[in-house]
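# this one's sequence-less:
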């Protein structure tokens, strides 16, 4: 990992005085001054744009930020977060250390690691200095402090949880026939050819499926907590690609084509083209039912030994043009009001990062009153969380997947 010396040095004087500081940016000890400076700013929020529910939620965030603080939030809709990272890399290479085009990024995993290693993020500690950080559940959600095994160090602020959950239409598929692990899923696919598939990487959902399978078939899951060992990589991932070779033979369109993304899989489940799909949000099925996108007979299931889970974050590039506005937006995203709406499946259904024990009584009661939906599993039925592998695994697996299968798309 590259040294963080350059970033720390920029905030050394203020840090030595005990005050949080940002490289060439606001003093977090004076939140009123940050709010004043943010008024009139435009925050270009680079975020995945593949879900109407999520886009609608971000429109609401933008409206609230405008009315409360005079901050304009513009969602830059991404297919791949790496494209936003590339913008910041290009700006740094060109010497554009201020006035950058990216103010806030929805990020985690390999993209976070890449930005951290290349010193592209705002000074460590800004996230833990936000006023609403006091509500964050760091005690029971350890993935808030470690992103894909990489310490977050206050370089990114959490704004939602995620866990892989599978969906089926109970009117077509008996619950007793559903798989309980990756091996059983392959057996199910062989018995039901053409009725299962996954989006092609680098789509986030598709890549998550590969990590789920790898975590179950690798000879030693403990290897995934460390960076890829190039000497053993081929043998480590051989079980994954042996699995996929078999799966593609019986997958939708015989593995010659893949669903575009989760919304595409959802449509295929609704149309009866697929019988099992999956998402990285336990509330997706209920949200789809409420929106009329899925029949009300759709139900959720998961694997008893665990499925992949993580926390997703927002980060501020070191050269952001609207640092104050980005800080205000990140703080609002972890407010009880914003987190309550985010967890409501009517709007998104994303699990909160807040601790109920830390909230005021009225906010705690509001969360307790949420109707999570008929197809949403209760927390005690979601099963264990399988930790995300070190980010280097996904980078290498995606390259290998494209080498093996992309030419056939």
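Ah, there it is. Being a predicted model, the structure only gives us computed values, none of them experimental.
# number of nearby residues for the residue nearest to residue 344 when sequence neighbours are not counted?
Excluding the flanking residues, the one nearest residue 344 by C-beta to C-beta, 6 or more residues apart in numbering is residue 370, at 5.8 Å. For every residue, glycine as well, the C-beta is placed using N, CA and C. Using other C-beta atoms under 10 Å, residue 370 has 16 neighbouring residues.
# just the one 5 residues further on next, same as before
With neighbours defined by other C-beta under 10 Å, the count for residue 375 comes to 24.
# quick thing: my sequence starts at 164, can you match it?
Got it, first residue is 164 now, which makes that one residue 538.
# could you count how many residues lie near residue 518?
16.
# tell me who's in contact with the closest residue to it other than its chain neighbours.
Spatial nearest neighbour of residue 518, excluding adjacent residues (C-beta to C-beta, 6+ apart): residue 300 at 3.6 Å. Contacts for residue 300 (C-beta atoms under 8 Å, 6 or more residues apart in numbering) come out as 307, 515, 516, 517, 518, 521.
# ok now whichever strand or helix holds residue 489, how far from the chain's centre?
For residue 489, the host element (DSSP states H and E) is helix 486-496. Mean C-alpha position of helix 486-496 versus that of the full chain (C-alpha atoms, centre = their mean, to the nearest Å) differs by 18 Å.
# next secondary structure after that helix?
That would be, after helix 486-496 and using DSSP H and E, helix 499-506.
# report the inter-axis angle for that following helix versus helix 486-496.
Interaxial angle, helix 499-506 versus helix 486-496 (axes from the mean of the first three to the mean of the last three C-alpha atoms, to 10 degrees): 70 degrees.
# just checking, what packs against helix 499-506?
Identification of packing neighbours for helix 499-506 by 3 or more C-beta pairs under 8 Å, 6 or more residues apart in numbering; DSSP states H and E yields helix 215-232, strand 319-326, helix 524-531.
# give me the number of residues near the residue lying closest to residue 563 once chain neighbours are set aside?
Closest residue to residue 563 apart from its sequence neighbours, by C-beta to C-beta, 6+ apart: residue 400 at 6.6 Å. Neighbours of residue 400 under the rule other C-beta under 10 Å: 20.
# so which bits of the helix or strand encompassing residue 400 are buried?
Here residue 400, judged by DSSP H and E, is contained in helix 396-413. Of all the residues in helix 396-413, those buried under the rule 16 or more other C-beta atoms under 10 Å are 396, 399, 400, 403, 404, 406, 407, 410, 411, 413.
# ok, stretch 249-256 next?
250, 251, 252, 254, 255.
# and the most centrally placed residue in the chain, what does it touch?
Residue closest to the average C-alpha location in the chain (C-alpha atoms, centre = their mean): residue 475, at 4.0 Å. Counting by C-beta under 8 Å, 6+ apart, residue 475 makes contact with 269, 270, 271, 321, 322, 323, 324, 325.
# then residue 303?
residue 518.
# relative to residue 412, how far out is it?
Note on residue 303: its distance to residue 412, by C-beta to C-beta, to the nearest Å, is 42 Å.
# distance of the nearest residue to residue 235 once chain neighbours are set aside from residue 371?
Leaving aside its chain neighbours, residue 235 sits nearest to residue 205 (4.4 Å; criterion: C-beta to C-beta, 6+ apart). Residue 205 sits 32 Å away from residue 371, going by C-beta to C-beta.
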